[in-house]
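Asker: test case, fold it:
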Amino acid sequence: MRKISAILLALVLAACASPERPLEVRPLVDAAWLNENIDAVITLDIRRDSPEAAYATAHIPGAVHSPYGTDPWRVTQDGLPGMMPRVQDLELLIGALGISNDDYVVIVPAGESAVEFGSATRVYWQFKVLGHEKVAILNGGFGAWTEAGYPTEEGLTRRPPTTYTANLQSPLIASKEDVLAALESGTPLIDARSGNYYRGEVKSRAADRHGTIAGAKHVLPEMMTVDNRGVLVDSAGVASLWNEAGVPLEGEQITFCNVGHLASLAWFASYEVLGNKEARLYDGSLVEWSADAELPMDNTDNPNREE
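Answerer: Here you go, the predicted model:
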């Protein structure tokens, strides 16, 4: 009888126990956090395909694969390369990966450089534009996972397709007209390209003019990660970069680059690391801006320009 009573008491206590707390939403997670919570999230491996088929050879257990630059995370729109696809196309892409609106998604880049980290921040930005709040980036990427000694698996992981429905957050997107308004109001513009682009020494093949948007501040992309590798600098490091560039740590600001890739790295640093929820990304970036000869630019006549 005592044994039965003890079992009944245990069942009652289990039934009355508080439900498991949901995972805290954070923009960056480390390998230890992901290993601990791997069954509660969807790991999205965005590493580019390679001759060695890196994902099929080794990936985080259970991770689905959608390579950045191969899958249509970015498309050409109205002649502009690297733009965010139509919302309905992103809904189909994400749903086909088996990701629903309620899933906690952890984006996994390779973890090799600041430029490569920008692949993760770009996908992250698009998830946020779609209204997906439960999304994070694995700081250090796949490299951090393997360096920590956590297991990997081979082959392909596929999830049943599902329906994904966006809740568009258009304030995160800056248009050419928004940039023009920023010039009038004095809103800071952040050029996240390498120094030779900012100084007008070289230009992207897709751009029509050398230089930068008039009055833009400059933040070096390679300084946004530790030793230009796959780990983002901390908030003090970002604040130091912003202070050095003369950019306020809060308030309206717009990031750009050539085609909106590294702009996402600067946007993430401001929006998530500094917590500045007024930061926006100019998707058309310099390729769109430089195509209009009437729009003002600086550093267009650098004598050290390479033709």
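Asker: do you know the pLDDT at I94?
Answerer: pLDDT for I94: 98.
Asker: skipping adjacent residues, who's closest to it in space?
Answerer: Y164 (4.4 Å; CB to CB, 6 or more residues apart in numbering). The C-beta positions use only the backbone N, C-alpha and C, and glycine is treated the same way.
Asker: pretty sure that neighbour is touching S100, no?
Answerer: Yes. Y164 lies in contact with S100 (CB atoms under 8 Å); the separation is 6.2 Å.
Asker: ok, these two, which is more surrounded?
Answerer: More neighbours surround Y164 than the other of Y164 and S100, with 20 against 16 (other CB atoms under 10 Å).
Asker: distance of the more buried one from P22?
Answerer: Here Y164 is placed at a distance of 20 Å from P22 (CB to CB, to the nearest Å).
Asker: again, but for G62
Answerer: Separation of G62 from P22 (CB to CB) stands at 19 Å.
Asker: show me the strands in the chain, by range?
Answerer: Using DSSP state E, the strands of the chain run over 28-29, 42-45, 64-65, 75-77, 80-83, 105-108, 135-138, 173-174, 189-191, 212-213, 217-218, 253-256, 279-282, 297-298.
Asker: buried residues, the second one. List them.
Answerer: Which is strand 42-45. Using 16 or more other CB atoms under 10 Å as the test for burial, strand 42-45 gives 42-45.
Asker: which residue is nearest the middle of this protein?
Answerer: T121 (1.2 Å; CA atoms, centre = their mean).
Asker: turn the strands of the chain into CSV, columns for mean pLDDT and distance to T152.
Answerer: What follows is the strands of the chain, written out as CSV (pLDDT from 0 to 100; distance: least, CB to CB, whole Å):
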stretch, mean pLDDT, distance to T152
strand 28-29, 98, 18
strand 42-45, 98, 11
strand 64-65, 96, 13
strand 75-77, 95, 31
strand 80-83, 96, 31
strand 105-108, 98, 11
strand 135-138, 98, 13
strand 173-174, 98, 36
strand 189-191, 98, 37
strand 212-213, 98, 42
strand 217-218, 98, 39
strand 253-256, 98, 34
strand 279-282, 98, 33
strand 297-298, 98, 47
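Asker: could I get those as CSV with distance to V231?
Answerer: Below are the strands of the chain laid out as CSV (distance: least, CB to CB, whole Å):
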stretch, distance to V231
strand 28-29, 9
strand 42-45, 18
strand 64-65, 22
strand 75-77, 30
strand 80-83, 25
strand 105-108, 13
strand 135-138, 10
strand 173-174, 28
strand 189-191, 21
strand 212-213, 28
strand 217-218, 22
strand 253-256, 20
strand 279-282, 21
strand 297-298, 32
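Asker: more neighbours: G62 and P22, which one.
Answerer: Ranked by neighbour count (other CB under 10 Å), G62 and P22 place G62 first, with 14 against 9.
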